[in-house]
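Asker: here's my sequence, what's the structure:
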Amino acid sequence: MAYPIFFLLLSFLLTCIYAFTVVRHRYSRLPPGPYPFPIVGNLLQLSDKPHQSLAMLSKRYGPLMSLKLGCITTVVISSPDIVKEFFQSHDITFSSRSVRDIARMVDHHDYSIAWLPVGDQWRRLRRVTREYFYSVQHLEASELVLGKKVQELLDHLDQCCTHETPINIGVVVFTTTLNIFSNFLFSVDFAQHDSGSSQEFKDTIRGLMEVAGKPNLADFFPMLKLFDPQGLLRRANVYAKKMMTIFDKIIDERFHTRSTSSSCDGISSRKNDILESLLKVILKDEYGSFNRNDMKHWFLDLFVAGTDTTATTLEWTMAELIRNPEKMKMARLEVTKHMQGNNRNIKESDITQLPYLQAVIKETLRLHPPAPLLVPHEAIHNVDVQGFIVPKNAQILCNIWAMGRDPNVWSNPEMFMPERFLEVGIDYKGHDFKFIPFGTGRRICPGMSFAHRMLHIIIGSLIQKFDWKLDGNTSALDMDMEEKFGLSLPKSVPLMAIPIRI
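Answerer: Residues are numbered from 1 along each chain as shown. Next up, the predicted model:
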């Protein structure tokens, strides 16, 4: 008798919860959306590619839509007009972050420019980024680093040409972007194209990104944060601590080098990199509370946010060009004509003279944004948007993947057509709300200009120096173009291609 009574009570309880949830959802002036199930809300309506599932739901419920993801009220926006209202008209209200559980690794959320709420500490980090990462002195230094690392990539590919060795495009460009960052920051390589070499940092950051890209129950049911049921935070802590240890070792070595050079030959042997500049900031106490710990978390942000997203975009760009040989031909013709063949490598000053190459990059970012839902925002307080209430603490997801494939915004949205960006003045600086792959408003990606330079110089170099064919003489039309949701939006099947000298 006990079991029937138990199940009767359980059914009654779940029915009450469901009724309460539905009534609250219906009459709270939330934006329209599917009715949530008890406990799980609308989680069961999301696939392993949530950006696509949300795009399908938005077709039914509209570009301003609300869902209950577990215990979290979530508002999804997927039209330029609504994006403008959220992040221009109400930018301050939606400037906070909905912090994912994985961001709590090594207490990163308390120091990260990506996750901190807008405030004094966040502004201090933005100022450090602006004045040191993008100072004239360091931009000039980064051009030398970028040129050197791209040449190393080209030399590696040239060696592969002799034996027609298939190249994993994603892996080689990830190695290149990782070394660009590590040299710009520390004047050292963190990875090698030779797979037999030590790859400690490369493997560590790849492992961290794999863990960070997995769906986490603790993000939907905050009461589970104490238990970390999938062990994702524990694994992320292991990887993050390894990265922090590596940063500590580099910083200690630099302090030792500074003290040695000061006693021997002044500053003549000091590095001209970001680390050197930031150590001067800390020693002079120019930014008040900015210290060694802040610096390490700042480095962690740069590597996590800048390497994989850039490499993913590079891989998608090469995939689209190989799949569309006429577009590849037009881009290569523009580059070789401007560069007068292969006489010299592409520099930053050349980018403005290569409009079709710029259009290729923009079209790739439209179809394959590396952060399809951007970094989640959070409402600071209740706000009325188009007659609906977006409640305090609601998570805000901006589905830029859906906007990039919306036929009401773009003609023939599923086609790769770089020409759509020629002579229209659309850029990704956050002012054209239908095209914001780097975000918009005060939380726009601070690394946008650095990514801009890397993307154009690396892709331009790859098509200037080499032609490409798929491994196994696979037809380009048969290439797998499925995507896999994660920290970025990588190809489901890695792009394997053979470089051919031009």
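Asker: C-alpha from now on. contacts and neighbour counts both.
Answerer: Will do.
Asker: for the residue nearest the centre of the chain, helix, strand, or coil?
Answerer: Nearest to the mean C-alpha position of the chain, by C-alpha atoms, centre = their mean, lies residue 309 at 4.2 Å. At residue 309, secondary structure determined by DSSP: H, G, I helix; E, B strand; the rest coil is helix.
Asker: pretty sure it sits against residue 370.
Answerer: Yes: taking C-alpha atoms under 8 Å as the definition, residue 309 is a contact partner of residue 370 at 5.5 Å.
Asker: got any residues that touch both of those two?
Answerer: Common neighbours of residue 309 and residue 370, using C-alpha atoms under 8 Å, 6 or more residues apart in numbering, are 488, 489.
Asker: still on that earlier bit, next up, the contacts around the residue nearest to the centre of the chain.
Answerer: Neighbouring residues of residue 309 by C-alpha under 8 Å, 6+ apart: 370, 371, 488, 489.
Asker: quick one: which two of those are the most distant?
Answerer: Comparing all pairs in these by C-alpha to C-alpha, the longest separation belongs to 371 and 489, at 6.6 Å.
Asker: can you count the residues close to residue 119?
Answerer: For residue 119, the count of nearby residues is 9 (other C-alpha atoms under 10 Å).
Asker: I meant residue 439, not that one.
Answerer: Neighbours of residue 439 (other C-alpha under 10 Å): 24.
Asker: and residue 352, by the same measure?
Answerer: The tally of other residues near residue 352 (other C-alpha under 10 Å) stands at 10.
Asker: state the pLDDT value of it.
Answerer: According to the predicted model, the pLDDT of residue 352 comes to 95.
Asker: isn't there a helix covering it?
Answerer: Yes: secondary structure of residue 352 (three-state DSSP): part of a helix.
Asker: which ones are touching it?
Answerer: Residues in contact with residue 352, defined by C-alpha under 8 Å, 6+ apart, are absent; none qualify.
Asker: from residue 338, how far off is it?
Answerer: Using C-alpha to C-alpha, to the nearest Å, we find residue 352 at a distance of 11 Å from residue 338.
Asker: and stretch 116-125, what's buried?
Answerer: Residues 116, 117, 121, 122, 124, 125 are the ones in stretch 116-125 that count as buried (16 or more other C-alpha atoms under 10 Å).
Asker: in what helix or strand does the fifth one lie?
Answerer: When secondary structure is defined by DSSP states H and E, residue 124 falls within helix 120-128.
Asker: from the chain's centre, how far out does that helix sit?
Answerer: For helix 120-128, the distance between its averaged C-alpha position and the chain's averaged C-alpha position is 20 Å (C-alpha atoms, centre = their mean, to the nearest Å).
Asker: helices or strands next to the following helix or strand past that helix in the packing?
Answerer: Secondary structure here is assigned by DSSP H and E; on that basis, the next helix or strand after helix 120-128 toward the C-terminus is helix 136-162. Of the remaining helices and strands, those touching helix 136-162 by 3 or more C-alpha pairs under 8 Å, 6 or more residues apart in numbering; DSSP states H and E are helix 169-186, helix 448-465, strand 496-501.
Asker: would you map the helices across the stretch 151-300 of the chain?
Answerer: If you assign secondary structure with DSSP state H, counting those that start in this stretch, the helices in the stretch 151-300 of the chain sit at 169-186, 200-212, 217-220, 232-264, 274-284, 292-323.
Asker: burial-wise, tell me which of those comes out on top.
Answerer: Neighbour counts (mean count of other C-alpha atoms under 10 Å) averaged over each of the helices of the stretch 151-300 of the chain peak at helix 169-186, with a mean of 23.
Asker: quick one: low-confidence ranges for the stretch 101-250 of the chain?
Answerer: Confidence mapping of the stretch 101-250 of the chain against pLDDT under 70 gives the ranges 135-136, 195-198.
Asker: switch the cut-off to 80
Answerer: Using pLDDT under 80 as the threshold, the predicted model of the stretch 101-250 of the chain has low-confidence ranges 133-141, 194-198.
Asker: and the buried residues of stretch 116-125, which is closest to residue 90?
Answerer: The shortest gap between residue 90 and any of the buried residues of stretch 116-125 belongs to residue 117, at 15.3 Å (C-alpha to C-alpha).
Asker: ok, back up a step: and the helices and strands packed on helix 136-162 as TSV, adding distance to residue 199?
Answerer: Converted to TSV, those look like this (distance: least, C-alpha to C-alpha, whole Å):
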stretch	distance to residue 199
helix 169-186	10
helix 448-465	22
strand 496-501	21
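Asker: which stretch among the ones you listed comes nearest residue 471?
Answerer: Comparison of those against residue 471 by C-alpha to C-alpha identifies strand 496-501 as nearest, at 5.1 Å.
Asker: which of the helices of the stretch 151-300 of the chain sits closest to residue 379?
Answerer: Across those, the minimum distance to residue 379, taken as C-alpha to C-alpha, is reached by helix 217-220, at 16.4 Å.
Asker: phi, psi for residue 77 please.
Answerer: In terms of degrees, to the nearest 10, the main-chain angles of residue 77 are phi -120, psi 140.
Asker: beta-bridge partners for it, please?
Answerer: The residues paired with residue 77 through beta bridges, assigned by DSSP bridges, are residue 64, residue 398.
Asker: for it, the count of nearby residues, please.
Answerer: By the other C-alpha under 10 Å criterion, the neighbourhood of residue 77 contains 26 residues.
Asker: kindly provide the distance from it to residue 176.
Answerer: Taking C-alpha to C-alpha as the measure, residue 77 and residue 176 are separated by 35 Å.
Asker: same deal with residue 199?
Answerer: Relative to residue 176, residue 199 is positioned 13 Å away (criterion: C-alpha to C-alpha).
Asker: could you do residue 85 as well?
Answerer: 39 Å.
Asker: same check on residue 447?
Answerer: Here the criterion is C-alpha to C-alpha. By it, residue 447 lies 17 Å from residue 176.
Asker: what's in contact with stretch 129-141?
Answerer: When contacts are defined by C-alpha under 8 Å, 6+ apart, stretch 129-141 is touched by residues 184, 272, 273, 274, 277, 278, 446.
Asker: please repeat the previous calculation with a cut-off of 7 Å.
Answerer: Contacts of stretch 129-141 from elsewhere in the structure, counted by C-alpha atoms under 7 Å, 6 or more residues apart in numbering, are residue 274.
Asker: buried ones in it?
Answerer: Buried residues in stretch 129-141, defined by neighbour count with 16+ other C-alpha under 10 Å: 129, 132, 133, 134, 138, 141.
Asker: and the end-to-end length of it?
Answerer: When the end residues of stretch 129-141 are compared by C-alpha to C-alpha, they are separated by 15 Å.
Asker: can you give me how far stretch 271-287 is from the chain middle?
Answerer: Offset of stretch 271-287 from its chain centre (C-alpha atoms, centre = their mean): 27 Å.
Asker: residues touching that stretch, excluding its own?
Answerer: Among residues not part of stretch 271-287, those counted as contacts by C-alpha under 7 Å, 6+ apart are 132, 133, 184, 185, 186, 187, 290, 291.
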